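Peer 1: model the following, please.
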Amino acid sequence: MNSPSFRSRLFGSPDRRSSGKARIGAGTALAGVLAVWGLFGLFYTVQPEQRAVVKRFGAVIKIADPGLHFKLPFGIDEVQLVATERVLKEEFGFRTLGDSQPTRYAAGEFPDESLMLSGDLNMIDAEWVVQYRIADPMKFLYAMRDPVGTLRDLSESVVRRAVGNRLGSDVLTTARVEIADLARQELQDAMDAYQNGIQIVTVELQDVVPPAAVQPAFNEVNEARQERERMINEATKQANQRIPLASGQANRLIAEAEGYATERVNNALGETARFRAILAEYRDAPEVTRRRLYLETLSQILPTVAQVLVVQDGQVAPLPLLNLDRKPVERAPEVQP
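Peer 2: Predicted coordinates for the structure are as follows:
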């Protein structure tokens, strides 16, 4: 009854007991791992600028708002986070390196994106940025295979068409804002038609310049245009200064001429009236009037005469009659005793 074979049959062999304990330990460890995995898979966190698309067995069941949420573990529920409140951007013709300050740009060029033809067949090197938001995360993830790639392709097409419909000089100077507004509107219409959940915020043209090969000639043309504008402005300034001055001088001369004409006319009218009055007096008393006119004439002439000489025939020297230059001798006042 106490033989080794009986005890081995009753309690098992030592090797069998050790292998059983190992299997139990491995099962316990696996159960612990599954428990920890399931515990951590029960919840997920959505950041304030994100929305979460939750799928169960591949089907979308809800869109979660920011905060802490629970889900079924072990891959039953899957969560995809989408940055819906962040403004994203796509760059064309250049690339920025990270988010460092100051902004650093990649050294390479992207001529396939930036070089395009204007309406007058001039080459334009344009760089622009498209800023957008993800308005509908479910449409962004599942309505289209590559919504960002589609956005880039449509942006290039829209900007090239807008530049191709305008003169190169307008694109380089005054039409940049108009091109950016037109591109934003057409891009938004295309995104709405595709229903990919993208909302265009803005389209901004960064650098719009001629290619490097023709840059010196373009600079000379710009300098010539600036010089022309400067000369036009200078001429306009001189015209604005001299035309009012000439107009003022002309008005002054006209006013002086009108005043002189009025004065002459009034003097003539006065002389005419005086002559008529003298004539009426002369008709009434000719001798008295003649003598009065003679005396008035002498009283006007004699003060201007310095010396009067009377020359008689047969005399050598003239006879001084009046010496009007001499001032009368002032007598001293008499002293009264």
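
Peer 1: which stretches of the stretch 101-250 of the chain form strands?
Peer 2: Along the stretch 101-250 of the chain, the stretches classed as strands by DSSP state E, counting those that start in this stretch are 115-117, 123-134, 198-209.

Peer 1: pLDDT below threshold where in this structure?
Peer 2: Applying pLDDT under 70 to the chain flags residues 1-27, 29-40, 100-101, 306-337.

Peer 1: domain-wise, how is the protein divided?
Peer 2: Following automatic domain parsing, one finds the domains of the chain at 13-82, 88-210, 213-289.

Peer 1: let's have those in CSV, adding distance to Val305 and mean neighbour count.
Peer 2: Heads up, the C-betas are built off the backbone N, CA and C, glycines and all. Output for those, formatted as CSV (distance: least, Cβ to Cβ, whole Å; neighbours: other Cβ atoms under 10 Å):
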stretch, distance to Val305, mean neighbour count
domain 13-82, 113, 13
domain 88-210, 83, 16
domain 213-289, 24, 10
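
Peer 1: using JSON lines, lay out those together with distance to Leu298.
Peer 2: As requested, the domains of the chain are exported to JSON lines (distance: least, Cβ to Cβ, whole Å):
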{"stretch": "domain 13-82", "distance to Leu298": "116"}
{"stretch": "domain 88-210", "distance to Leu298": "86"}
{"stretch": "domain 213-289", "distance to Leu298": "15"}
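
Peer 1: to Glu296, which of those lies closest?
Peer 2: domain 213-289 (10.2 Å; Cβ to Cβ).

Peer 1: just the endpoints, please. Distance across stretch 99-110?
Peer 2: In stretch 99-110, first residue to last residue: 20 Å (Cα to Cα, to the nearest Å).

Peer 1: what lies in contact with it?
Peer 2: Phe92, Gly93, Phe94, Arg95, Thr96, Leu97, Gly98 (Cβ atoms under 8 Å, 6 or more residues apart in numbering).

Peer 1: can we see that at 7 Å?
Peer 2: By Cβ atoms under 7 Å, 6 or more residues apart in numbering, the residues outside stretch 99-110 that reach it are Gly93, Phe94, Arg95, Thr96, Leu97.

Peer 1: and if you look at stretch 171-186?
Peer 2: Here stretch 171-186 has contacts from 118, 124, 158-159, 162-163, 166, 200, 202-205, 208, using Cβ under 7 Å, 6+ apart.

Peer 1: what's the most distant pair in those?
Peer 2: Most distant of those, by Cβ to Cβ, are Ser118 and Ile200, 23.8 Å apart.

Peer 1: mind putting the strands of the stretch 101-250 of the chain in a markdown table, distance to Glu49 included?
Peer 2: Output for the strands of the stretch 101-250 of the chain, formatted as a markdown table (distance: least, Cβ to Cβ, whole Å):
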| stretch | distance to Glu49 |
| --- | --- |
| strand 115-117 | 35 |
| strand 123-134 | 10 |
| strand 198-209 | 15 |
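
Peer 1: helices of the stretch 51-200 of the chain, start to end?
Peer 2: 111-114, 137-142, 147-164, 168-172, 176-194 (DSSP state H, counting those that start in this stretch).

Peer 1: ok, which of the ones you listed comes nearest Ser247?
Peer 2: The nearest among the helices of the stretch 51-200 of the chain, by Cβ to Cβ, is helix 168-172 at 37.8 Å.

Peer 1: so how far is Ala257 from Ala250?
Peer 2: Going from Ala250 to Ala257 by Cβ to Cβ, to the nearest Å gives 11 Å.

Peer 1: nope, Arg145 is what I was after
Peer 2: Taking Cβ to Cβ, one finds Arg145 at 89 Å from Ala257.

Peer 1: now swap in Ala280 and tell me
Peer 2: Counting by Cβ to Cβ, the gap from Ala280 to Ala257 is 35 Å.

Peer 1: check Glu296 too.
Peer 2: In terms of Cβ to Cβ, Glu296 sits 33 Å off from Ala257.

Peer 1: next one: Tyr105
Peer 2: In this view, Tyr105 and Ala257 are 73 Å apart by Cβ to Cβ.

Peer 1: just Leu121 next, same as before
Peer 2: 63 Å.

Peer 1: got it, and Thr28?
Peer 2: Distance from Thr28 to Ala257, by Cβ to Cβ: 125 Å.

Peer 1: ok, Glu91 touching Trp128?
Peer 2: No: with contact defined as Cβ atoms under 7 Å, Glu91 and Trp128 do not form a contacting pair (8.1 Å).

Peer 1: what's near enough to touch the closest residue to Leu88 other than its chain neighbours?
Peer 2: Once flanking residues are discounted, Leu88 sits nearest to Tyr132: 5.7 Å by Cβ to Cβ, 6 or more residues apart in numbering. Neighbour list for Tyr132: Leu88, Leu151, Ile198, Gln199, Ile200, Val201 [criterion: Cβ under 7 Å, 6+ apart].

Peer 1: roughly how far apart are Gln234 and Arg228?
Peer 2: For residue 234 the amino acid is Glu, not Gln. From Glu234 to Arg228 the distance is 11 Å (Cβ to Cβ).
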